[in-house]
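*Asks:* For reference, the sequence and a predicted model appear below.
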Amino acid sequence: MAKILIVDDSPTETYKLTSILERNDHSVLSAQTGEQGVGIAIAVPRVIATDTTPL
């Protein structure tokens, strides 16, 4: 299926979303910061999920 990058600073939220996606046969990459996410995005995932909570 799809290769998906999750960018979220919450390990709990990352775990929950990863579990759901992997159960549905997706390959999941994750990053805890935007900077890490940009570095990983070079792997060209099809979908990038990130939280957009205002500071």
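*Replies:* Arrived safely, thanks for sending. Remember, it's a predicted structure, so these values are computed and weren't measured experimentally.

*Asks:* The residue most central in space within the chain and G39, how far apart?
*Replies:* When CA atoms, centre = their mean is applied to the chain, the residue found nearest the centroid is I6 (0.8 Å). In this structure, I6 and G39 are separated by 14 Å, where distance is defined by CB to CB, to the nearest Å. Any C-beta I mention is one placed from the backbone N, CA and C, and that applies to glycine too.

*Asks:* M1 too?
*Replies:* Shown here: M1 relative to G39, a distance of 23 Å by CB to CB.

*Asks:* got it, and V7?
*Replies:* In this structure, V7 lies at 11 Å from G39, with CB to CB as the measure.

*Asks:* Pull up the overlap in contacts between the two.
*Replies:* Residues within reach of V7 and of G39 at once, by CB atoms under 8 Å, 6 or more residues apart in numbering, are A31.

*Asks:* and these two? which has more neighbours close in?
*Replies:* V7 (21 against 11; other CB atoms under 10 Å).

*Asks:* Show me what the more buried one is bridged to.
*Replies:* Listed by DSSP bridges, the beta-bridge partners for V7 are A31, T50.

*Asks:* Go through the protein and flag its longest helix.
*Replies:* The helix spanning the most residues in the chain, taking DSSP state H as the definition, is helix 11-23.

*Asks:* on contacts alone, who are the packing partners of that helix?
*Replies:* For helix 11-23, the helices and strands in contact under the criterion 3 or more CB pairs under 8 Å, 6 or more residues apart in numbering; DSSP states H and E are strand 3-7, strand 27-31.
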